[in-house]
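Have a look at this prediction, sequence included:
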Amino acid sequence: MGTCCCKNQPDSGADDDIIIDRREIEFISGTVTEDGLKSSALSNLTDKYVLDTLAVIRTLVDNDQDPPPSMLKLHSIADKEAGWLVVVRSMVQVIPLTDPLGPAVITLLLDDCPLPSKETVVHLCKFFDLSGESASESWKNPQLHRNICVVLGCIAERLAGPASIALLTNTTLEYLIAHLNEDNHPCVILFALIALEKFAQTSENKTSISKRLGHDPTNPLRTLEGWMSHSDYVHRQVGFCAQWCLDNLFICDGRPYSYENVDTQHLNAMLNSNDVSEYLKISPDGLQARCDASSFESVRCTFQVDEGVWYYEATIITAGVMQIGWATKDSKFLNHEGYGIGDDEVSVAYDGCRQLFWHSAQSQSHIHPSWKPGDILGSLLDLNNAQVIFYLNGDPLPPLTHVFSNAMRGFFAAASFMSFQQCEFNFGRKPFLHPPKDIPFQSFNDHAQLKDAEKIILPRHIRLQKLRAMSVEEGACTLCFDESATIVFLPCSHRGFCERCSLQLEICPMCRRHIKERQKVEEKLSVKEDVT
Amino acid sequence: MAAGLPRRIIKETQRLMAEPVPGISAVPDETNARYFHVVVAGPEGSPFEGGVFKLELFLPEEYPMSAPKVRFMTKIYHPNIDKLGRICLDILKDKWSPALQIRTVLLSIQALLSAPNPDDPLANDVAELWKVNESEAIRIAREWTRTYAMGN
């Protein structure tokens, strides 16, 4: 199960022992002054709550579970504007660079805190001393700057609209752009990039960022997108995000879209760009997916399996929460509720961060160590013996069988991603790195087929344009609107239906009279529209 | 994302957005374009007046050859709607026709709120009371409307 562990947060007044003493709150409010924060006692306390939350978050597995006390305390501190600043400052200073859940925890905490006012946000930017110059010093303290970027991205997303425009001042913009220098710590580059992406959700910002990126002799994103297949996994994330931004947000003249250049030869199975929750990013070759939203995003593969034994691998690029495994078409992607693969009775998933299996939204621990970037998760579906086996770098876990009491066929490789998580799938186009030795299996790529048009993953804006342009032909079937209405029913003489729909009907949809005959009428000449 | 959807669904969605039905809002879910979040205002002059009723509507794979699945999410005291929000309405069952649409289905549901039909009940105890003591049934329906369908 996914992100939210605080949807059912009790009223702050409901439980006395998690409430901060009133005097403590006044103390907080009184100690944040124009020139910064003075109360070291309170800061220490908040720091501790932040670290406690980070430590406990990976043990939260149930959406109905109460949030941990440390998190509730942070919420009650952040309830007042001054307190909000204290919490943000703490997160920025203490969340370590190395914790795979660090940025996700910042997002999670900020998402559940009240929205800051514009004044508070402006105050925050001053407090952090954001500018091109301060960014150029970021190598001294990458942790601090990475966290600032995460916070900025989060606020930009939540305040999308006029407040987000006010927040992206020239200095903030310079601060973020300066981070994109390739000599910077890749973690800082990554989250500066993501922050820019979130600011660009407001179109005025998108325009000013695009303009600013075009100022430099070489657009820094063009350099960074070259890291797409870098051997270091943080660099690779930067490459992915830079490429995604260039294809989807900050389009530059003269650069072809990545999908136009992608090699789709021998690519017979990929992530299905029509079967994915809304915020998941899929690479142009359809084999990598990444989530930068605060929701729990999911995707299924294009190829369905109904019998036999099948295997695929996923290269773990980020070590946070992902649930990778098998699902049917009945598995719903409830990204905002935090439900994904493994959270219903017809799917099963492996979660290498929290060391769990998932099925029916119930978890069960396993003995593998936590995964790390570069690990290979192998996933075997054996429909002959009704079992699923997960392997980490070739090391198998005991078979799972429970999913098969609810579904025996119609499975798809599928995965869900928490914020800032990414992995790369191999459905058999490349040799597997740790194929199961004792069980003969098949790969999707050897048995699936995709038409050339199906292999194209269009950037979102182009896809939306096409959708909008889609219109209905004159004389189309009144039931499906896909084909021409060529049939008249007898004896009632109602018309307006295509052949395919007609054959599925026994009574006339208009008058409910029994259809005795389906007669073809003369087909009208119609201009085919150019949308596929 | 709506891509990959049957054109029929896209067209119906576009029209629902462009020309909404008075007293009804139907918004496709952001992640699943076959799933609609529906809100129906209790019709004037009915015991449901002033209430705002949430429903979910799902278009199954076979749509429009089979009917949409519709369910009340807001609790309602009505002889043709049961505790789980399931609706007893012929056009959602054997009287479905592919010429009907999301729009017509929602209009029918709105009409069902105006004219409960206790002779074709889904909620037996409710229908019973509706037949034996209509004014008491209407009083309870009003009370439920106030309790569950107002102010959220």
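That came through, no problem.

can you give me the strands for the stretch 251-400 of chain A?
Assigned by DSSP state E, counting those that start in this stretch, the strands in the stretch 251-400 of chain A fall at A:271-276, A:281-282, A:288-291, A:297-301, A:309-316, A:322-328, A:348-351, A:356-359, A:362-365, A:376-382, A:387-392, A:395-396.

er, chain B I mean
With DSSP state E as the criterion, chain B has strands at B:24-28, B:35-41, B:52-58, B:69-72.

so what secondary structure elements neighbour the second one?
Going back to what we said before, that points to strand B:35-41. strand B:24-28, strand B:52-58, helix B:102-114 (3 or more Cβ pairs under 8 Å, 6 or more residues apart in numbering or on different chains; DSSP states H and E). Any C-beta I mention is one placed from the backbone N, CA and C, and that applies to glycine too.

do the first one as well
The criterion is 3+ Cβ pairs under 8 Å, 6+ apart, and the helices and strands that strand B:24-28 contacts are strand B:35-41, helix B:102-114.

what about 6 Å?
Secondary-structure packing of strand B:24-28 (3 or more Cβ pairs under 6 Å, 6 or more residues apart in numbering or on different chains; DSSP states H and E): strand B:35-41.

How about the strand it packs on, which residues are buried there?
Applying a neighbour-count criterion of 16 or more other Cβ atoms under 10 Å in any protein chain shown, one finds B:Tyr35, B:Phe36, B:Val38, B:Val40, B:Ala41 buried in strand B:35-41.

Double-check that A:Leu110 belongs to a helix.
Yes: with DSSP: H, G, I helix; E, B strand; the rest coil as the criterion, A:Leu110 is assigned to a helix.

Could you find the closest non-adjacent residue to it?
Nearest non-adjacent residue to A:Leu110, counting by Cβ to Cβ, 6 or more residues apart in numbering or on different chains: A:Cys154, 4.6 Å away.

so where's the stretch 301-450 of chain A uncertain?
The stretch 301-450 of chain A contains no residues with pLDDT under 70.

can you list contacts of stretch B:108-115?
B:Val40, B:Pro43, B:Ser46, B:Phe48, B:Asn80, B:Ile91 (Cβ atoms under 6 Å, 6 or more residues apart in numbering or on different chains).

so who does the last one touch?
Right, the one you point to is B:Ile91. For B:Ile91, the contact set (Cβ under 6 Å, 6+ apart) comprises B:Ser108.

Identify, from the contacts of stretch B:108-115, the entry nearest to A:Leu287.
For A:Leu287, the nearest member of the contacts of stretch B:108-115 is B:Val40. The distance, counting by Cβ to Cβ, is 44.0 Å.

Please report how far the nearest residue to that closest one once chain neighbours are set aside lies from B:Ala41.
Distances taken as Cβ to Cβ, 6+ apart put B:Phe53 closest to B:Val40, at 4.8 Å, once the chain neighbours are dropped. The gap separating B:Phe53 from B:Ala41 is 8 Å, by Cβ to Cβ, to the nearest Å.

can you check A:Gly325 too?
As judged by Cβ to Cβ, A:Gly325 and B:Ala41 stand 43 Å apart.

again with A:Leu159
32 Å.

cool, and B:Leu112?
The gap separating B:Leu112 from B:Ala41 is 14 Å, by Cβ to Cβ.

and what of B:Asp82?
21 Å.

Same check on A:Val88?
Noted for A:Val88: a distance of 41 Å to B:Ala41, by Cβ to Cβ.

can you check B:Arg86 too?
21 Å.

Give me the neighbour count for B:Asn133.
Counted by other Cβ atoms under 10 Å in any protein chain shown, the residues lying close to B:Asn133 total 12.

Please apply the same query to the one 3 residues further on.
One way to gauge burial is a neighbour count; for B:Glu136, by other Cβ under 10 Å, it gives 11.

Scan chain B for its longest helix.
In chain B, taking DSSP state H as the definition, the longest helix is helix B:134-148.

A:Cys113 touches A:Ala78, doesn't it?
Yes: counting by Cβ atoms under 6 Å, A:Ala78 is a contact partner of A:Cys113 at 4.1 Å.

higher neighbour count, these two?
The neighbour comparison of A:Cys113 against A:Ala78 (other Cβ under 10 Å) goes to A:Ala78, with 23 against 20.

who are the neighbours in contact with the more buried one?
By Cβ under 6 Å, 6+ apart, the neighbours of A:Ala78 are A:Trp84, A:Val87, A:Cys113.

picking up where we left off before, tell me which of the strands of the stretch 251-400 of chain A lies nearest to chain B.
Evaluated over the strands of the stretch 251-400 of chain A, closeness to chain B peaks at strand A:271-276, with 3.3 Å, by Cβ to the nearest Cβ.
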